[in-house]
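A.B. asks: Model the following, please.
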Amino acid sequence: MVSFFALTIMGLGVLSLFAEHDIISVPRLGQLPGVVGMVLAVLVFALALWVVLADARPSFVATVFLALGAALVHLGGVWGAAVAEGAGAVGATAAAGQLVLGGASAVIVVAALLAGWVAIALRRTAARAPHWPWEKDDDDV
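C.D. replies: Below you'll find the predicted structure:
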């Protein structure tokens, strides 16, 4: 979950830097729609990943559904928050369109694919924290 959030924020920042424009640039629209969309995307990603990781050997195919779910929930959250903020249906649709056409939704999909793949890979390998040779449990003596 944290890796998804970090990769998404970094990716959106790099996208905004290289594109030299705001991710969402709709008149009279503040930061609330972006924040709401991101919070919802992280929550849905975390809950869906939790369900996927409940299996002892989760499938990597699940990353596709995690990524699409996070991106679609992000779009819906931005659209709904934009309408609630007073942009109207046209302004909210323009904001969602800018996310899709400007590449922000693609950044969210890629970040979710990467974060989901890493989480599933860690679950499948049963990775544990590394220990130094002198770090023994009391039972190992």
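A.B. asks: shaky segments in the chain?
C.D. replies: In the predicted model, the chain carries pLDDT under 70 at residues 137-141.
A.B. asks: how about the strand or helix carrying residue 50: buried residues?
C.D. replies: Assessed by DSSP states H and E, residue 50 sits inside helix 32-53. Across helix 32-53, burial judged by 16 or more other C-beta atoms under 10 Å covers 33-34, 36-38, 40-42, 44-46, 48-49, 52-53. In short, each C-beta sits where N, CA and C put it, glycine included.
A.B. asks: Residue 136: how many residues sit nearby?
C.D. replies: The number of residues packed around residue 136, counting by other C-beta atoms under 10 Å, is 10.
A.B. asks: rewinding a little: C-terminal to the helix holding residue 50, what's the next element?
C.D. replies: Beyond helix 32-53 in the direction of the C-terminus, DSSP H and E gives the next helix or strand as helix 62-85.
A.B. asks: Which strands or helices does that next one pack on?
C.D. replies: Using 3 or more C-beta pairs under 8 Å, 6 or more residues apart in numbering; DSSP states H and E, the elements in contact with helix 62-85 are helix 32-53, helix 88-101, helix 104-125.
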